[in-house]
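Novice: coordinates only, no sequence provided:
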């Protein structure tokens, strides 16, 4: 009977050790996920800021293209 109790205590200790290890891994994974979430939010923020610059360049390109087209009509002798 004592051997059964000792075996049960050893098995219980092993289970508790595995449970602690799993809890520690879970905490590490949570920390990694939080870090990834912060980095993703930072990247999205940077992308949102970059969109304004892209639209500005597109608009500026359109204005310059329209100016060149208009100048070509006005100064048609340069186009020949």
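Specialist: Now that the structure is in, tell me what you want to look at. Keep in mind that this is a model prediction, so the values were computed, not measured.

Novice: buried ones in stretch 32-43?
Specialist: Going by neighbour count (16 or more other Cβ atoms under 10 Å), nothing in stretch 32-43 comes out as buried. The C-beta positions use only the backbone N, C-alpha and C, and glycine is treated the same way.

Novice: where does residue 29 land on pLDDT?
Specialist: According to the per-residue confidence, residue 29 scores 90 in pLDDT.

Novice: now do the phi/psi pair for it.
Specialist: Summarising the backbone geometry of residue 29 under the convention degrees, to the nearest 10, its torsions are phi -70, psi -40.

Novice: so which elements touch the host helix or strand of residue 18?
Specialist: Element membership of residue 18 [criterion: DSSP states H and E] is helix 2-74. In this structure, helix 2-74 makes packing contacts with helix 76-79, judged by 3 or more Cβ pairs under 8 Å, 6 or more residues apart in numbering; DSSP states H and E.

Novice: sorry, back to before: the helix holding residue 18: how far from the chain's middle?
Specialist: Taking the mean C-alpha point of helix 2-74 and that of its whole chain, the gap between them comes to 3 Å (Cα atoms, centre = their mean, to the nearest Å).
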